[in-house]
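Trainee: model this:
(chains A and B)
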Amino acid sequence: MQRISASRRVFLIFNYVFLIGVGLLCLLPIIHILAVSLSSRGAATAGAVGLWPVDLTWSSYQYVLTKPQFLTSMGVTAQRVVLGTSLSMFLTLIIAYPLSKEARVFQLRTFYAWFFVFTTLFSGGLIPWYMTVRDTGLIDSIWALVIPGAVPVFNVILLLNFFRGLPKELEESCFMDGGSYWSSLWRIYAPLSLPAMATVTLFTIVGHWNSWFDGLILMNTPEKYPLSSYLQTVIVQENLNKISADQAAMLADVSNRTFKAAQIFVGSLPILLVYPFLQRFFVKGIVLGSVKE
Amino acid sequence: MLGRNFRRQWPLHLMIVPGIIIVLIYSYWPMIGIAMAFQKFEPFKGLFGSRWVGLDNFRFVFALPETGQIIWNTVYIAFMKIAAGLVVPITVALLLNEVRSELVKRGVQTLIYLPHFLSWVILGGIFIDILSPSTGIANQILGWFGVDPIFFLGSNSWFPYTLVATDTWKEFGFSTIVYLAALTAINPSLYEAAMIDGASRWKQTWHITLPGMLPIIILLSTLSLGNVLNAGFDQVFNLYSPMVYESGDILDTFIYRIGMQGMQYGVGTAVGLFKSVVSLLFIAVSYTLAYRFANYRIF
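Mentor: Here you go, the predicted model:
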């Protein structure tokens, strides 16, 4: 064991305290919101809530979870997550595979690759994009939240870089047995890249859960809003005129602050739940995407 | 020869076709729609029926009194975010690298990149609550030290810095992981050699760790150049209000208000085109620099 000097010891203690403080700084706001959501209206308005609920009550959650609009939006989000993720993942695989071939094997590879990459460098902007979605008749349809963003170019690049790292001999043996490109993709590349695909799938799921702007502008009726768009209107925009009379009466019982806090917490709960289990995938995925040969 | 190649390669083309079609429609067709920037666009007349007005939309926008301020806000906020987004993660990664306890190291990492996965709708709601001048806990804590309540989200002198601080808070953990990954690639024998030569921990950090991180630092900082006009629509949209338009309105929020809410489609598209072109220039420069100095290639 090396001798530790006094100044080094002071530094180490400072360092531990500082880093743990920084870590807590990232978690405490969420705990504070949870505490507010579980506190009584009076305590919340008086600003008496810290990190622990005061006068514990579930009434905010009862209100949120019985609101028809909340449940409808949750359903829309579930639909977009399932449809969007499966479509995106399927497309990511079938695009990444041909692009991972060398130009010698697949002559137009470089052209196709730039065709996709260019869309990340330049875009028509919000309004022409909106007009295109409108002209293709997707407004107010669940597919508006799924199809326009179905080709995630960054995920394609991530996966194609992963594919390139796999030994070519495996595929050659598949061809030797009379297999096609198609069977090589599904029997060799897809199974071997499960960790990378798990990462990409999770990014896609989180992305769909979090997307709010597309729902806001592409859906004309609030009943078709996904949860994030709906939460944007109730937490951030405070659009009170959309609330019906009996809801308004119920709202009077629940303080606006605890009510909002409950919705914020419910909106972030799925991410908080999957996060600890899958964060190691994320780390792998980030390393995979950033540090490559 | 070509025929044989195509026979061999057609399944590969076929796999790419569905993606190409979607990208053609939803990414390339809107690029043609940029023509709206030179039209008095009316949705029911469409791109081919609307009246052409030359550069009138651009003249109109650049004659507006707030335009200069909006461009300045965008660049100012984006630049501060880029700077903070480099300094904070590098510092935290270096400090985390000094931690020997795996438990603390992993625990801190787990906590700091949690906010990255929450959307600005959720975080907007959280910050509106926390930073409220009346009931917010941030101002209560400041109150213990005798500081008067600060309206972080409603005062023009605070708003841009609140944006930078909250954005850094959300994203620094994610970049920290990337820097830490670069740190693990440094050959440990370098440290051993330095210790034998009697180099202090500080000297080791300065002469081994930092140079070891330098390639990735150069890479990420040059690539971030492409973001000079991306001040963060999601964040600003969820945190701003008319009170802070003066200091917090950025190009993207302006485009949304004038184009989508105000239905001045041509004008909105014109501002969008201005932003896309300038961004593309910066991206081209940043990729060239990244290629030159960090030998970076996209794929």
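Trainee: now do the contacts for residue 212.
Mentor: All of this refers to chain A. By CB atoms under 8 Å, 6 or more residues apart in numbering or on different chains, the residues touching residue A:212 are A:226, A:228, A:229, A:231, A:232, B:119, B:121. All C-beta atoms are positioned from the backbone trio N, CA, C, and that covers glycine.
Trainee: my question was about chain B
Mentor: Contact analysis of residue B:212 by CB under 8 Å, 6+ apart lists B:182, B:183, B:185, B:186, B:190.
Trainee: what's the pLDDT at the nearest residue to the first one once chain neighbours are set aside?
Mentor: Nearest residue to residue B:182, sequence neighbours excluded (CB to CB, 6 or more residues apart in numbering or on different chains): residue B:216, at 4.3 Å. Taken from the predicted model, the pLDDT recorded for residue B:216 is 83.
Trainee: go through the helix or strand where residue A:115 lies and flag the buried ones.
Mentor: Using DSSP states H and E, residue A:115 sits within helix A:109-121. Neighbour-count burial for helix A:109-121, counted by 16 or more other CB atoms under 10 Å in any protein chain shown, picks out A:109, A:112, A:113, A:115, A:116, A:117, A:118, A:119, A:121.
Trainee: quick check: closest non-adjacent residue to residue B:107.
Mentor: residue A:23 (6.6 Å).
Trainee: okay, and which of the contacts of residue A:212 map to helices?
Mentor: Using DSSP state H, the members of those that fall in helices are A:228, A:229, A:231, B:121.
Trainee: give me the nearest residue to the first one, chain neighbours excluded.
Mentor: Meaning residue A:228. Among residues not flanking residue A:228 along the chain, residue A:212 sits closest, at 3.6 Å (CB to CB, 6+ apart).
Trainee: now the one you found: phi and psi?
Mentor: Per-residue torsions, residue A:212: phi -130, psi -30 (degrees, to the nearest 10).
Trainee: mind checking how far the helix holding residue A:115 is from the chain centre?
Mentor: Averaging C-alpha positions (CA atoms, centre = their mean, to the nearest Å) puts helix A:109-121 24 Å from its chain's average.
Trainee: nearest the geometric middle of chain A, what residue?
Mentor: Among the residues of chain A, the one closest to the centroid is residue A:206, at 1.9 Å (CA atoms, centre = their mean).
Trainee: my guess is that one contacts residue A:271. True?
Mentor: Yes - assessed by CB atoms under 8 Å, residue A:206 is found in contact with residue A:271 at 6.2 Å.
Trainee: shared neighbours of the two, which are they?
Mentor: residue B:117.
Trainee: if you skip the residues just before and after it, what's nearest to residue A:94?
Mentor: That would be residue B:15: by CB to CB, 6+ apart, it lies 4.2 Å from residue A:94.
Trainee: helix or strand: which one has residue B:18?
Mentor: Using DSSP H and E, residue B:18 maps to helix B:2-23.
Trainee: does anything pack onto that helix? Which helices or strands?
Mentor: Other elements packing on helix B:2-23 under the criterion 3 or more CB pairs under 8 Å, 6 or more residues apart in numbering or on different chains; DSSP states H and E are helix A:68-100, helix A:109-121, helix A:181-184.
Trainee: now these as TSV including distance to residue B:155 and mean pLDDT?
Mentor: Compiled in TSV, those are given as follows (distance: least, CB to CB, whole Å; pLDDT from 0 to 100):
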stretch	distance to residue B:155	mean pLDDT
helix A:68-100	33	94
helix A:109-121	36	91
helix A:181-184	60	89
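Trainee: quick one, which of the ones you listed is packed in tightest?
Mentor: Comparing the helices and strands packed on helix B:2-23 by mean neighbour count (mean count of other CB atoms under 10 Å in any protein chain shown), helix A:68-100 comes out on top with a mean of 20.
Trainee: quick check: what element follows the strand or helix carrying residue B:191 along the chain?
Mentor: Assigning secondary structure by DSSP H and E places residue B:191 in helix B:188-196. Per DSSP H and E, the first helix or strand lying C-terminal to helix B:188-196 is helix B:201-204.
Trainee: pLDDT on that next one, on average?
Mentor: The average pLDDT within helix B:201-204 is 86.
Trainee: and that helix, how far from the chain's centre?
Mentor: With CA atoms, centre = their mean as the basis, helix B:201-204 stands 33 Å off its chain's centre.
Trainee: after it, which helix or strand is next?
Mentor: helix B:210-224.
Trainee: just the CA trace of that next one, in PDB.
Mentor: Taking C-alpha atoms only, helix B:210-224 is exported to PDB below (Å, rounded to 0.1, in the frame of the first residue of the first chain):
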ATOM      1  CA  LEU B 210      -5.500  14.900 -20.000                       C
ATOM      2  CA  PRO B 211      -3.300  14.100 -23.100                       C
ATOM      3  CA  GLY B 212      -5.000  10.700 -23.100                       C
ATOM      4  CA  MET B 213      -8.400  12.300 -23.300                       C
ATOM      5  CA  LEU B 214      -7.300  15.000 -25.800                       C
ATOM      6  CA  PRO B 215      -8.400  13.200 -28.900                       C
ATOM      7  CA  ILE B 216     -11.900  12.600 -27.700                       C
ATOM      8  CA  ILE B 217     -12.000  16.200 -26.300                       C
ATOM      9  CA  ILE B 218     -11.000  17.600 -29.700                       C
ATOM     10  CA  LEU B 219     -13.500  15.300 -31.400                       C
ATOM     11  CA  LEU B 220     -16.500  16.300 -29.300                       C
ATOM     12  CA  SER B 221     -15.600  20.000 -29.200                       C
ATOM     13  CA  THR B 222     -15.300  20.300 -33.000                       C
ATOM     14  CA  LEU B 223     -18.500  18.300 -33.600                       C
ATOM     15  CA  SER B 224     -20.300  20.500 -31.200                       C
END
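Trainee: nearest spatial neighbour of residue 58, chain-adjacent residues omitted?
Mentor: Looking at chain A here, since you left the chain open. Nearest non-adjacent residue to residue A:58, counting by CB to CB, 6+ apart: residue A:38, 7.2 Å away.
Trainee: looking at chain B here, not the other one
Mentor: Distances taken as CB to CB, 6+ apart place residue B:270 nearest to residue B:58, at 5.2 Å, with adjacent residues excluded.
Trainee: how close does residue B:196 get to chain A?
Mentor: Distance, residue B:196 to chain A, using CB to the nearest CB, to the nearest Å: 12 Å.
Trainee: quick one on the thing from earlier: wait, a strand at the residue nearest to residue B:58?
Mentor: No - counting by DSSP: H, G, I helix; E, B strand; the rest coil, residue B:270 falls outside a strand, being helix.
Trainee: what is the least confident helix or strand in chain A?
Mentor: When the helices and strands of chain A are compared on mean pLDDT, DSSP states H and E, helix A:245-253 comes out lowest with a mean of 50.
Trainee: thinking again about what came up before, reformat the buried residues of helix A:109-121 as JSON lines; add distance to residue A:63.
Mentor: Shown next, in JSON lines, are those (distance: CB to CB, whole Å):
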{"residue": "A:109", "distance to residue A:63": "55"}
{"residue": "A:112", "distance to residue A:63": "52"}
{"residue": "A:113", "distance to residue A:63": "51"}
{"residue": "A:115", "distance to residue A:63": "50"}
{"residue": "A:116", "distance to residue A:63": "46"}
{"residue": "A:117", "distance to residue A:63": "47"}
{"residue": "A:118", "distance to residue A:63": "48"}
{"residue": "A:119", "distance to residue A:63": "43"}
{"residue": "A:121", "distance to residue A:63": "46"}
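Trainee: of those, which is the nearest to chain B?
Mentor: residue A:119 (4.0 Å; CB to the nearest CB).
Trainee: circling back to that earlier point, just the C-alphas of the helix holding residue B:191, formatted as CSV.
Mentor: Output of helix B:188-196 as CSV, limited to C-alpha atoms (Å, rounded to 0.1, in the frame of the first residue of the first chain):
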residue,chain,number,x,y,z
PRO,B,188,-1.8,1.9,-16.9
SER,B,189,2.0,1.4,-17.4
LEU,B,190,2.3,5.1,-18.2
TYR,B,191,1.1,5.9,-14.6
GLU,B,192,3.5,3.3,-13.2
ALA,B,193,6.4,4.8,-15.1
ALA,B,194,5.4,8.3,-13.9
MET,B,195,5.2,7.1,-10.3
ILE,B,196,8.7,5.6,-10.5
